[in-house]
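> Model the following, please.
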Amino acid sequence: MNVTVILLPNAGTVLRDRATQGHVWVVATPANVAQAKTIWASSARSDRCSLTTFTASPEAQPSETCEGFLDTIDLHHGPLSQDPPYTGLEVLGATLTPSLRATLEELGFPFITTSEGGFIAVRNPAA
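Model prediction:
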């Protein structure tokens, strides 16, 4: 199972597409909340897909926001809450900083590939 974290202020179709594929956490901007409400109204509930909005501090950089929510995401989708736990984390709209990398590694995600719009982290199978 994978989880997507979207930190784009206007995720649009990216949000809609990801929300039909798995678990999504999206920053609660006016545009994203409006899109989330549309998705919630039109989607059947599924254990394999969920959409959660969260509020970010306006002063925080996207990478700081992501790092600050990783424990919460891990609590909801990690080994203490789900069997099997999530094994992949896709982040859109944030840069991988050394601090964010260290937090991901502490959570058992040592395999990280950066992309133009973010990164993908994969859990160590032994974690």
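
> Only C-alpha atoms from now on, for both contacts and neighbour counts.
Fine.

> can you map out the strands along the chain?
2-6, 23-27, 50-54, 88-92, 111-115, 118-122 (DSSP state E).

> My guess is Thr113 contacts Ala121. True?
Yes - under the criterion of Cα atoms under 8 Å, Thr113 makes contact with Ala121 at 6.5 Å.

> Tell me which of these two has more neighbours.
Taking other Cα atoms under 10 Å, Thr113 and Ala121 do not tie; Ala121 has more neighbours (22 against 12).

> now the closest residue to the more buried one other than its chain neighbours: how far from Ser57?
Sequence neighbours aside, Ile112 is the residue nearest to Ala121 in space, at 4.3 Å (criterion: Cα to Cα, 6 or more residues apart in numbering). Ile112 sits 25 Å away from Ser57, going by Cα to Cα, to the nearest Å.

> sorry, back to before: my guess is the residue nearest to Ala121 meets Ile120, correct?
Yes - between Ile112 and Ile120 there is a contact under Cα under 8 Å: 5.6 Å.
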